[in-house]
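Colleague: sequence first, then the predicted structure, then my questions.
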Amino acid sequence: MATSPVYPMYPPSPGEGVLRHPHWWQLRWVRYGALITLLALSGLVILALVRRETGTEGFLVGLGLAVLPVPWLITAFRWLDRVTPFPWRNLVFAFCWGAFAAALIAIVANSFATKWIATSTADPASADTLGATVIAPIVEESAKAAAVLLVFLFRRRGFTGIVDGMVIAGITATGFAFTENILYLGTAFGTDQLTGGHGVVSVTAATFFVRIVMSPFAHPLFTTCTGIGFGLGALYGARGRARRVLIPLGGLLLAMCMHALWNGSATFGQYGFLAVYGTFMLPAFGLLTWLAIWTRQRELRTVREELPAYVLAGWLGPAEPFALGSMRARRMARDYARHHADRATARSVARYESSATALALLRRRGRRGLAGADFVVRERELLDELWQRREAARPALEYAARTAAPAPARTAWAPVPYGHAYMPVPGHGYGYGHAHGPGDGYGYPAAPYPSYNPYRG
């Protein structure tokens, strides 16, 4: 009697099995080296330009004040990213691109455009206003969006939704704002040195209050709109190519409009700045904060709803969907592994949590018909990663599930029929609900846990 393999077998593609040597520009170390060199040179040039504008003393003062909001913003975006965390190198790239490459593009392009307009119109005042309200938003938001685009294109598997777009865009904008604040604060300090201003009435104090205290979130707020556009585009997978292009462009356009309104608020009269800040910036910031938290919770709910399918197939333990769908339980699992084993085991648990979350999000896209052609291959890769780390992760997750569960439900866990939340069932042992795929065409490979090893034969 013929049997089907656990995983589908694919016919070899033409030329498969032939050893091919990649071109030198395709080597990983060449690409990383070129990128690091580009960012390093951009950093040296932009910092030299800023120091020339502010002077050495002004540069150091601006640097010391501009760094204050950076840890808070990075922490906020890292918190948002905890469900499906990006590798740290992607976040470092995003920050450095914003602080160095995007800032260099912006300062050069803005200066050139403003001087060209002033020369053409013979009206420097109008050129400055036009440069701040039209040229700067277009140039700066486009330069920051380039980082989001690069991650979207070259780290596509890790870029799966709105949260990913918001995180990359926000960290890029945080880097950009950091460099820009050095310039503005250093210039303000230089002005105070010339005019004798000091204390709370100084230009430096006023600039610090507006840029660091009142609106440290301004640039992240604008660029996050671009990130949301790319995140929505990522949700469509290989389908809806027009939407995958138009939605990110729409997000970029919205970011430019918000940036232009903010820059132009100073021209709206004596109280124009406060009016825009109170009626637009704060509500927009609150709305995007709510969207970020809601989307994060939605991803956790997806984990709880999608992973029971893999429990029924034997890939996951019965308590894991609950533990993986709770940030408190996930943190407890990592702490348990760290205290009872070592840091390497804790990192393995963290990788297990990340892979399981990616698997749940992948399956949700598959059920909705939005997965790409590599759905089965990607699912297999994620299941392989889970299987390799199961020895370290399962004891920690089971402990976390027992500890984090409501008191009446700590006795046992059992999945309910597929498509519903994974709920505790006291006193029923490790029962299994009815296994079925809801007519979506995406089944799940069997892995008779725990006695069967899928890597044997």
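Modeller: Nice, thanks for sending it over.
Colleague: when you work out contacts or count neighbours from here on, use the C-alpha atoms and nothing else.
Modeller: OK.
Colleague: in the helix-or-strand element of the chain with minimal mean pLDDT, what counts as buried?
Modeller: Of the helices and strands making up the chain, the lowest-confidence element is helix 124-130, at a mean of 76, by mean pLDDT, DSSP states H and E. In terms of neighbour count (16 or more other C-alpha atoms under 10 Å), helix 124-130 has its buried residues at 124, 127-130.
Colleague: which elements pack onto the helix or strand following it?
Modeller: Scanning forward in sequence from helix 124-130 by DSSP states H and E, the next helix or strand is helix 136-154. When contacts are defined as 3 or more C-alpha pairs under 8 Å, 6 or more residues apart in numbering; DSSP states H and E, helix 136-154 sits against helix 88-96, helix 103-121, helix 162-195, helix 218-235, helix 241-264.
Colleague: including mean pLDDT, could the ones you listed go into CSV?
Modeller: Converted to CSV, the helices and strands packed on helix 136-154 look like this (pLDDT from 0 to 100):
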stretch, mean pLDDT
helix 88-96, 93
helix 103-121, 86
helix 162-195, 93
helix 218-235, 92
helix 241-264, 90
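Colleague: out of those helices, which gets nearest to residue 378?
Modeller: Each of those has some distance to residue 378 by C-alpha to C-alpha; the shortest is helix 218-235, at 15.6 Å.
Colleague: distance from the closest one to the middle of the chain?
Modeller: 10 Å (C-alpha atoms, centre = their mean, to the nearest Å).
Colleague: for residue 130, which non-adjacent residue is closest in space?
Modeller: Leaving out its chain neighbours, the residue that sits closest to residue 130 by C-alpha to C-alpha, 6 or more residues apart in numbering is residue 114, at 7.8 Å.
Colleague: what lies in contact with the least confident helix or strand of the chain?
Modeller: Helix 124-130 is contacted from outside by 114-115, 117-118, 121, 264, using C-alpha atoms under 8 Å, 6 or more residues apart in numbering.
Colleague: the lengthiest helix in the chain packs against which elements?
Modeller: For the chain, the helix that runs over the most residues, judged by DSSP state H, is helix 28-66. Judged by 3+ C-alpha pairs under 8 Å, 6+ apart, helix 28-66 is in contact with helix 103-121, helix 162-195.
Colleague: give me the buried positions along the shortest one.
Modeller: What it means is helix 103-121. So helix 103-121, judged by 16+ other C-alpha under 10 Å, has buried residues 103-107, 109-110, 113-115, 117-118.
Colleague: now these in a markdown table, with distance to residue 178?
Modeller: Listed next are those as a markdown table, based on distance: C-alpha to C-alpha, whole Å:
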| residue | distance to residue 178 |
| --- | --- |
| 103 | 9 |
| 104 | 13 |
| 105 | 15 |
| 106 | 13 |
| 107 | 14 |
| 109 | 19 |
| 110 | 18 |
| 113 | 23 |
| 114 | 23 |
| 115 | 25 |
| 117 | 28 |
| 118 | 28 |
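Colleague: ok, so of those residues, who is nearest residue 391?
Modeller: residue 103 (46.3 Å).
Colleague: from residue 46, how far out is that closest one?
Modeller: Residue 103 is 7 Å from residue 46, where distance means C-alpha to C-alpha, to the nearest Å.
Colleague: could you do residue 39 as well?
Modeller: Counting by C-alpha to C-alpha, the gap from residue 39 to residue 46 is 10 Å.
Colleague: what do you get for residue 323?
Modeller: Following C-alpha to C-alpha, the distance that separates residue 323 from residue 46 is 46 Å.
Colleague: same for the helix or strand where residue 365 lies, what does it pack against?
Modeller: Assigned by DSSP H and E, residue 365 belongs to helix 343-367. For helix 343-367, the helices and strands in contact under the criterion 3+ C-alpha pairs under 8 Å, 6+ apart are helix 282-306, helix 320-324, helix 327-340, helix 375-388, helix 390-404.
Colleague: which stretch among those comes nearest residue 270?
Modeller: Closest among the helices and strands packed on helix 343-367, once you apply C-alpha to C-alpha, is helix 282-306, at 19.2 Å.
Colleague: buried residues in that closest one?
Modeller: 284-285, 288, 292, 295-297, 299-306.
Colleague: and stretch 148-168, by the same measure?
Modeller: 148-149, 151-152, 158-168.
Colleague: now the buried residues of helix 124-130 in a markdown table, with distance to residue 278?
Modeller: Shown next, in a markdown table, are the buried residues of helix 124-130 (distance: C-alpha to C-alpha, whole Å):
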| residue | distance to residue 278 |
| --- | --- |
| 124 | 30 |
| 127 | 28 |
| 128 | 25 |
| 129 | 22 |
| 130 | 24 |
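Colleague: which of the buried residues of stretch 148-168 lies closest to residue 75?
Modeller: Using C-alpha to C-alpha, the buried residues of stretch 148-168 come closest to residue 75 at residue 167, 10.8 Å.
Colleague: for the closest residue to the closest one other than its chain neighbours, which residues are in contact?
Modeller: Excluding the flanking residues, the one nearest residue 167 by C-alpha to C-alpha, 6+ apart is residue 77, at 5.5 Å. Residues near residue 77 by C-alpha under 8 Å, 6+ apart: 167, 170-171.
Colleague: name the nearest of the residues you listed relative to residue 312.
Modeller: Residue 312 has its nearest neighbour among the contacts of residue 77 in residue 167, at 33.5 Å by C-alpha to C-alpha.
Colleague: hang on, that closest one packs against residue 79?
Modeller: No. Contact between residue 167 and residue 79 fails when scored by C-alpha atoms under 8 Å: they sit 9.5 Å apart.
Colleague: and the helices and strands packed on helix 28-66: which comes nearest residue 387?
Modeller: Relative to residue 387, the nearest member of those by C-alpha to C-alpha is helix 162-195, separated by 25.4 Å.
Colleague: helix or strand right after the closest one?
Modeller: Taking DSSP H and E, what comes next after helix 162-195 is helix 203-208.
Colleague: re the thing from before, can you pull the buried residues of the longest helix of the chain?
Modeller: By neighbour count, and taking 16+ other C-alpha under 10 Å as the criterion, the buried residues in helix 28-66 are 39-40, 42-43, 46-47, 49-51, 53-55, 58-63, 65-66.
Colleague: now that helix, how far from the centre of its chain.
Modeller: With C-alpha atoms, centre = their mean, you get 24 Å for helix 28-66.
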